[in-house]
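Participant: I'll drop the sequence and a predicted model, then ask my questions.
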Amino acid sequence: MERLNKYLAHAGVGSRRHCDSLIAAGRVKINGVRVTDLGMKVDPDAQKVFVDDEPVRVEKPVYWVVHKPPGYLCTNHDPSGRPLAMHLIPHVEQRVYTVGRLDEASEGMLLMTNDGELAQTLMHPRYGVEKTYLVLVAGKPTKDDLQRLLDGVWLSDGKVRAKSVRRMKPQGDSTWIRVVLCEGKNREIRRMLAKLGHKVLRLKRVAIGPVLLDKLPKGKARKLSLPELTELKKSAVSAERRVEKVAGEARQNSDEAESQPATKPVPPRHPAPGAPAGRREFVPNPNSGGKPSSAGPRVYVPKPAAKKSPLARPGPGRPGPGRPAGSRPVGGRPPGKKPFGRPPGRGGPGK
């Protein structure tokens with residue numbers, strides 16, 4: 001028995017996340033019964049699984065490296081009839097899809113497989129699998145330009161940065177640079193360099209993780225060798241463990257923060273018995289172990305009460321200095337006095 005989403009991913013239907021969306025949408029059936037439980041398990045030997053009423057057959061996993069020329073699309077269907085990267089491997093019977101797309105004008109390495117779990121790890125930016133590119137840009141980028149790529153550039157969909165950048169060689173008025181990314185947003189390198197004022201003239205991906213394009217001709221494909229596949233899976237597993245470790249540390253820190261009290265109560269200070277009047281000697285904090293401070297015992301001298309000024313305004317109903325009692329009614333104004341302020345009316349004397 002294995003989880004349904006894992007079974008579908010191994011069958012080449014898609015990544016586990018994509019398979020979860022298919023299950024939640026009710027597009028998956030087991031023995032003709034629609035299932036929507038994401039935790040459902042399946043026995044491949046005793047049960048038949050269908051996606052959109054089409055039987056799912058577990059295929060042998062295959063891994064192909066393809067050198068995509070410019071002008072090809074990384075999709076399974078194009079209404080305009082433009083050439084597809086899938087057309088470069090017509091002899092492959094399994095249902096494969098591209099790992100890490102390249103736009104139409106770009107060229108270089110594509111990894112095509114039906115291993116949905118491996119593809120998810122290689123493509124998702126949180127795992128940080130490196131992709132290496134050679135880029136020909138207009139002009140001559142300065143050291144500050146290259147540093148800005150490392151520090152990060154703000155685009156419409158957020159801040160993006162390169163993991164490493166190196167100037168390779170000049171070519172006329174243009175320059176070749178080597179860029180390594182750990183994520184693959186749409187036309188990311190082109191937009192980053194355009195922000196810096198350097199148009200991308202040519203873009204070629206030469207590596208995904210430890211797998212190199214090497215000398216594979218344009219438009220050709222080859223199977224991934226066993227050592228290459230082993231190294232690729234090792235890098236994927238290492239990336240997953242790194243992400244799990246970071247997530248585990250974050251959870252542990254969160255649990256520790258919740259278990260600790262928000263603030264530690266401070267015990268009140270009490271005057272020592274027998275202290276002279278006007279000078280209050282306080283008992284040391286019991287948390288200090290009863291040890292006296294290096295500055296000696298703490299002494300508190302009460303602040304003398306402030307004297308009221310004889311010119312202070314009296315409160316309501318209280319006669320001030322030099323004023324007989326009852327000369328001013330409480331809460332009112334002296335008789336015959338008009339209130340302060342502008343008289344009523346619109347800008348003129350009151351009527």
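Facilitator: Okay, I see it. Numbering: from 1, shown residues only.
Participant: packing partners for the longest helix seen in the chain?
Facilitator: Criterion DSSP state H: the longest helix present in the chain is helix 226-259. Contacts defined by 3 or more C-beta pairs under 8 Å, 6 or more residues apart in numbering; DSSP states H and E place helix 226-259 against helix 116-123, strand 211-212. For the C-beta atoms, the positions are set from N, CA and C on the backbone; glycine is no exception.
Participant: do that again at 10 Å, thanks
Facilitator: Judged by 3 or more C-beta pairs under 10 Å, 6 or more residues apart in numbering; DSSP states H and E, the packing partners of helix 226-259 are strand 63-68, strand 107-113, helix 116-123, strand 211-212.
Participant: mind listing what Y97 touches?
Facilitator: Neighbouring residues of Y97 by C-beta atoms under 10 Å, 6 or more residues apart in numbering: 12, 14-15, 74-76, 85-86, 111-114, 116, 119.
Participant: and the gap between the residue sitting nearest the centre point of the chain and H10?
Facilitator: For the chain, the residue nearest the mean C-alpha position is R126 (8.8 Å; C-alpha atoms, centre = their mean). For R126, the distance to H10 equals 22 Å [C-beta to C-beta, to the nearest Å].
Participant: per the record, what domains does the chain have?
Facilitator: 1-58, 59-128+209-247, 130-207 (automatic domain parsing).
Participant: Tell me which of those lies nearest to E258.
Facilitator: Between E258 and those, the shortest separation by C-beta to C-beta is 16.7 Å, and it involves domain 59-128+209-247.
Participant: OK, contacts around L181?
Facilitator: Counted by C-beta under 10 Å, 6+ apart, L181 has contacts 100, 125, 128-133, 149, 160-165, 188-189, 192, 205.
Participant: Ok, A207 next?
Facilitator: So A207 contacts G108, M109, E130, K131, T132, Y133, L134, V180, L213, D214 (C-beta under 10 Å, 6+ apart).
Participant: Return the distance of the third one relative to V211.
Facilitator: Using C-beta to C-beta, E130 is found at 11 Å from V211.
Participant: which neighbours do the two share?
Facilitator: Joint contacts of E130 and V211 (C-beta under 10 Å, 6+ apart) are S235.
Participant: and those two? which has more neighbours close in?
Facilitator: Using other C-beta atoms under 10 Å, the more surrounded residue of E130 and V211 is V211, with 19 against 15.
Participant: Stretch 213-232: which residues count as buried?
Facilitator: L213, A221, L224, E228, L229, L232 (16 or more other C-beta atoms under 10 Å).
Participant: Can you add distance to Q171 and give the helices and strands packed on helix 226-259 back as JSON lines?
Facilitator: Formatted as JSON lines, the helices and strands packed on helix 226-259 follow (distance: least, C-beta to C-beta, whole Å):
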{"stretch": "strand 63-68", "distance to Q171": "21"}
{"stretch": "strand 107-113", "distance to Q171": "16"}
{"stretch": "helix 116-123", "distance to Q171": "31"}
{"stretch": "strand 211-212", "distance to Q171": "22"}
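Participant: picking that back up, which one of the contacts of Y97 sits closest to Q47?
Facilitator: Of all the contacts of Y97, Q47 sits closest to G12, with 18.2 Å by C-beta to C-beta.
Participant: Kindly list the main-chain dihedrals of that closest one?
Facilitator: Phi and psi for G12, reported as degrees, to the nearest 10, are phi 90, psi 10.
Participant: Quick check: buried residues in the longest helix of the chain?
Facilitator: Neighbour counts over helix 226-259 (16+ other C-beta under 10 Å) mark E228, L229, L232, S235, A236, A239, E240 as buried.
Participant: how close does the fourth one sit to R191?
Facilitator: Okay, so that is S235. S235 sits 27 Å away from R191, going by C-beta to C-beta.
Participant: again with T36
Facilitator: T36 is 39 Å from R191, by C-beta to C-beta.
Participant: So for the two, which sits in the more crowded spot?
Facilitator: Per other C-beta under 10 Å, whichever of T36 and R191 has more neighbours is R191, with 16 against 11.
Participant: can you list the weak-confidence ranges in the protein?
Facilitator: Scanning the chain for pLDDT under 70 picks out the ranges 260-351.
Participant: any chance you could map the helices in it?
Facilitator: 4-10, 16-24, 116-123, 143-151, 188-195, 226-259.
Participant: can you redo the ones you listed as TSV with distance to Y63?
Facilitator: Formatted as TSV, the helices of the chain follow (distance: least, C-beta to C-beta, whole Å):
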stretch	distance to Y63
helix 4-10	14
helix 16-24	18
helix 116-123	8
helix 143-151	31
helix 188-195	25
helix 226-259	6
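Participant: now for stretch 91-101, what's the gap between its first and last residues?
Facilitator: One end of stretch 91-101 sits 21 Å from the other (C-alpha to C-alpha, to the nearest Å).
Participant: Mind listing what's buried along it?
Facilitator: So, applying 16+ other C-beta under 10 Å, buried residues of stretch 91-101: V92, V96, Y97, T98, V99, G100, R101.
Participant: do stretch 13-28 as well
Facilitator: V13, G14, S15, R16, C19, D20, L22, I23, R27, V28.
Participant: Stretch 137-145 too?
Facilitator: V137, P141, D145.
Participant: what's the closest residue to the last one other than its chain neighbours in contact with, if anything?
Facilitator: Beyond its immediate neighbours in the sequence, the residue positioned closest to D145 (C-beta to C-beta, 6 or more residues apart in numbering) is L196, lying 5.0 Å away. Listed by C-beta under 10 Å, 6+ apart, the contact set of L196 reads V137, G139, P141, T142, D144, D145, L146, R148, L149, V153.
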